[in-house]
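>>> dropping a prediction and its sequence here:
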Amino acid sequence: MALTSYRRRWTLDDRAESIWHSLPVDIPVDCPGLLVTLTVPDIERTVIDIGCEGAGGWRGWSGGARRTFAITPAAATPGYLPGDLEPGTWWVVIGLHRLPVEGVELVVEAVTGSVSVVPGLAEYADATAAIAVPPRPPRRTLPAAPGLKWVAGDFHAHSLHSDGSTPIANLAALGVAAGLDVLAVTDHNTIAHHAELPALGKTFGIGLVPGQEVTTDSGHANAFGDIGVIDFRRPAATWVSEVARRGGLLSINHPLGGDDSWRQPLPEHPPLAEVWHSSWLDHRWGGPIAWWQAWGLTDTTPIGGSDWHNHTSLTPPGTPTTWVAVDASAEGPDELPTAVLEGLAAGRTAISTSYTAPVVVRTGEHLVALDAPNTLVVSPDGTRRPIRTAHT
């Protein structure tokens, strides 16, 4: 076994130079494992992120949710990719997300050799095994154009693979209980969760869409599709073209989400935006709609996301619900994720507060307002139309 240790005081000058800093670790041939521990003093409002880049590519990210992780050929801490440890220089990546004015001394210790216990792995497995498939509420069928059907989804949720509090199996169970057909799992700066999605989707009867939340201190974006890791350390302007080149879809997340509001310069807009985020607490506030109008109504498809992390989150999965019109022949957890991404790419969405809430959908040439009596439908040009019956 070999120990590589770093002890250093990090200051606001370091933070000004770069948020992210990489510390090298030598991985020998046939290395059986890597165990990394970060020690951070208990100083109020100090937030330090940690992750790992291997000699052959990105291996995972904890953000500020964990202080230790391990990677071995057969297993890894949730949030990290297991697999052979390719020899060469690896990097422990730290993120100076929030520092005290006087700076902070951090200790990073990386041990190469056999790993007897992979942190977080047993707890994750135990939690997964305890989750049962819940009953699904009565299915809601919305009128659709010929050859299409509407399916219900939530395009923003987190698990223990990043800063969520629950395994993916519980996300799937919560999605089923909310009436969802699809749920995107979008853990921060990692794709370690993607390997679990197909099998769990079949078990729970819900399409689990592979996603990742590309996360920085000046804005977050969801990249949808099984497209490999998008490097959050590169300029956001590169994310749009790189996600498109790989066949995925990029969405601006919670653009008015407090400290996580979108502040990244972009020469071109991605195709999607999370116009309706769970932080839209009072729907009389016009901010999200005003942002969408300013950003571009015609070139941005709106979606919604609960951004569920744990039981203290603002809303449960499915609040809001994003409806996507997909090929009517697409069925089951194997086909629906792909069909939904195709529907998103075509701009066929509608959003409601929840699965059973009023919604306006397009059926070819017409808009249909469902379960919305005694309300007004307001068009982008400001035209108002009264809805006097339950189905108009």
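Good, I have the coordinates.
>>> any chance you could map the helices in the chain?
12-17, 121-129, 168-177, 197-204, 236-245, 287-296, 332-345 (DSSP state H).
>>> relative to helix 168-177, how tilted is the fourth one?
Computed with axes from the mean of the first three to the mean of the last three C-alpha atoms, to 10 degrees, the direction of helix 197-204 lies at 50 degrees from that of helix 168-177.
>>> one more: the last one?
Inter-element angle recorded for helix 332-345 and helix 168-177: 80 degrees (by the same axes, to 10 degrees).
>>> try the second one
In this structure, helix 121-129 runs at an angle of 20 degrees to helix 168-177, with the same axes, to 10 degrees as the basis.
>>> what packs against helix 121-129?
helix 168-177 (3 or more C-beta pairs under 8 Å, 6 or more residues apart in numbering; DSSP states H and E). C-beta here means a position set from N, CA and C on the backbone, and glycine is covered the same way.
>>> repeat for the fifth one
Contact partners of helix 236-245 among helices and strands, from 3+ C-beta pairs under 8 Å, 6+ apart: strand 207-216, strand 219-224, strand 249-252.
>>> can you redo those as TSV with distance to Asp282 and mean pLDDT?
Compiled in TSV, the helices and strands packed on helix 236-245 are given as follows (distance: least, C-beta to C-beta, whole Å; pLDDT from 0 to 100):
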stretch	distance to Asp282	mean pLDDT
strand 207-216	25	98
strand 219-224	22	98
strand 249-252	22	98
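>>> ok, back up a step: so which of the helices of the chain is the most packed in?
helix 168-177 (a mean of 24; mean count of other C-beta atoms under 10 Å).
>>> which residues sit against it?
Applying C-beta atoms under 8 Å, 6 or more residues apart in numbering, the set of residues contacting helix 168-177 from outside is 127-128, 131-137, 154, 157, 159, 161, 164, 182-183, 185, 193, 196-197, 200-201, 203-206, 208, 308, 316-318.
>>> how about that helix as PDB, C-alpha atoms only?
C-alpha atoms of helix 168-177 as PDB (Å, rounded to 0.1, in the frame of the first residue of the first chain):
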ATOM      1  CA  ILE A 168     -32.400   5.000  -7.200                       C
ATOM      2  CA  ALA A 169     -34.900   2.200  -6.300                       C
ATOM      3  CA  ASN A 170     -36.700   4.600  -4.000                       C
ATOM      4  CA  LEU A 171     -36.700   7.300  -6.700                       C
ATOM      5  CA  ALA A 172     -38.400   4.800  -9.000                       C
ATOM      6  CA  ALA A 173     -40.900   3.900  -6.300                       C
ATOM      7  CA  LEU A 174     -41.700   7.500  -5.600                       C
ATOM      8  CA  GLY A 175     -42.200   8.100  -9.300                       C
ATOM      9  CA  VAL A 176     -44.600   5.200  -9.700                       C
ATOM     10  CA  ALA A 177     -46.600   6.300  -6.700                       C
END
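>>> and it with strand 207-216, angle?
Inter-element angle recorded for helix 168-177 and strand 207-216: 120 degrees (by the same axes, to 10 degrees).
>>> Ile289 is in contact with Trp280, correct?
No - Trp280 lies out of contact with Ile289 (C-beta atoms under 8 Å); the separation is 9.5 Å.
>>> and Pro316, backbone torsions?
Note on Pro316: its backbone torsions stand at phi -80, psi 170 [degrees, to the nearest 10].
>>> could you count how many residues lie near it?
17 (other C-beta atoms under 10 Å).
>>> please report how far it lies from Glu102.
Applying C-beta to C-beta, to the nearest Å, the value for Pro316 to Glu102 is 41 Å.
>>> and if you look at Ser241?
Distance from Ser241 to Glu102, by C-beta to C-beta: 41 Å.
>>> before I go, just wanted to say thanks for your time.
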